[in-house]
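In: sequence and predicted structure are below.
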Amino acid sequence: PYLANPAGVSRQARRALLDDIAAMNAAHLADYGDPEIDTRIAQYEMAFAMQASVPDLVDFSDEPRHVLDRYGPDVHVKGSFAYNCLIARRLLERGTRFVQLMHAGWDQHGNLFTQLEIQCKDTEGPSAALVQDLKERGMLADTLVAWGGEFGRTPRLENSVGSQTGVMQPGRDHWPQAQSALIAGGGLRMGQVVGATNSKAEFPTERPYSPQDLLATIYRHLGID
């Protein structure tokens, strides 16, 4: 929303408008010395820079065919997970420090057998493509990719009544005792599985690794003690 200028307003007209606003804000700042006025000037400039950069960001015409094919056919569907994965790489190339990708709909209390496969197909290929893409461009060494959710799911089925059908539909409930996360890159040693659960995936049995531990790993990567 609001990335394009209104009809009849050119990029040059938008720039001239912001220059005039900045001049008035600068005069206001000279009179009052309020640092929040300076912050307001900077925010206008940041917004314009973001608006001006987006058309190039979302133009995939410079992407080789084999790269687009790697992300899958949904890469051309705006808002899809595949599309957002490629946008993430293009943002990182342009110096963005933090990118968050969100894929919703995993709360499968009553639609496990109709939705889980779809969710996995949506995310598995594009996620792998993003990691491979970063590696081939020499960006994975200092880019940490973290993939996870809020909690695990029960290792056994639950029975929920479907809101649309009114019949019992099997799903899986919330399960904070055991879950999985995946990390790649960031100069960390890859190719390893840390920890294990019992045979029913109920509880950790080896090297339990908490969400706090995962965050500590990410913070260390960022240089935060």
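Out: That came through fine. Note that this is a predicted model, so its numbers are computed, not measured. Numbers count the residues shown, from 1 in each chain.
In: contacting residues for S180?
Out: Shown in contact with S180 (C-beta atoms under 8 Å, 6 or more residues apart in numbering): 148, 152. Bear in mind the C-beta positions are built from the backbone N, C-alpha and C, glycine included.
In: do that again at 10 Å, thanks
Out: With contacts defined as C-beta atoms under 10 Å, 6 or more residues apart in numbering, S180 is in contact with 147-149, 152, 193, 195, 197, 201.
In: select only the buried ones of these in ChimeraX?
Out: To isolate the buried ones among the contacts of S180 in ChimeraX, judged by 16 or more other C-beta atoms under 10 Å, type:
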select :152,197,201
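In: TSV for the contacts of S180, including secondary structure, distance to V75 and pLDDT?
Out: Formatted as TSV, the contacts of S180 follow (DSSP: H, G, I helix; E, B strand; the rest coil; distance: C-beta to C-beta, whole Å; pLDDT from 0 to 100):
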residue	secondary structure	distance to V75	pLDDT
W147	strand	18	95
G148	coil	23	92
G149	coil	23	90
G152	strand	30	92
V193	coil	29	93
G195	coil	33	93
T197	strand	35	96
A201	coil	33	92
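In: list the strands paired with the least confident helix or strand in the chain by mean pLDDT, with their directions.
Out: In the chain, the helix or strand scored least confidently by mean pLDDT, DSSP states H and E is strand 158-161, which has a mean of 75. Strand 158-161 pairs in its sheet with strand 168-171 (antiparallel), by DSSP bridges.
In: who are the packing partners of whichever helix or strand comes after the strand it pairs with?
Out: The helix or strand immediately downstream of strand 168-171 is strand 174-175, counting by DSSP states H and E. Judged by 3 or more C-beta pairs under 10 Å, 6 or more residues apart in numbering; DSSP states H and E, strand 174-175 is in contact with strand 152-153.
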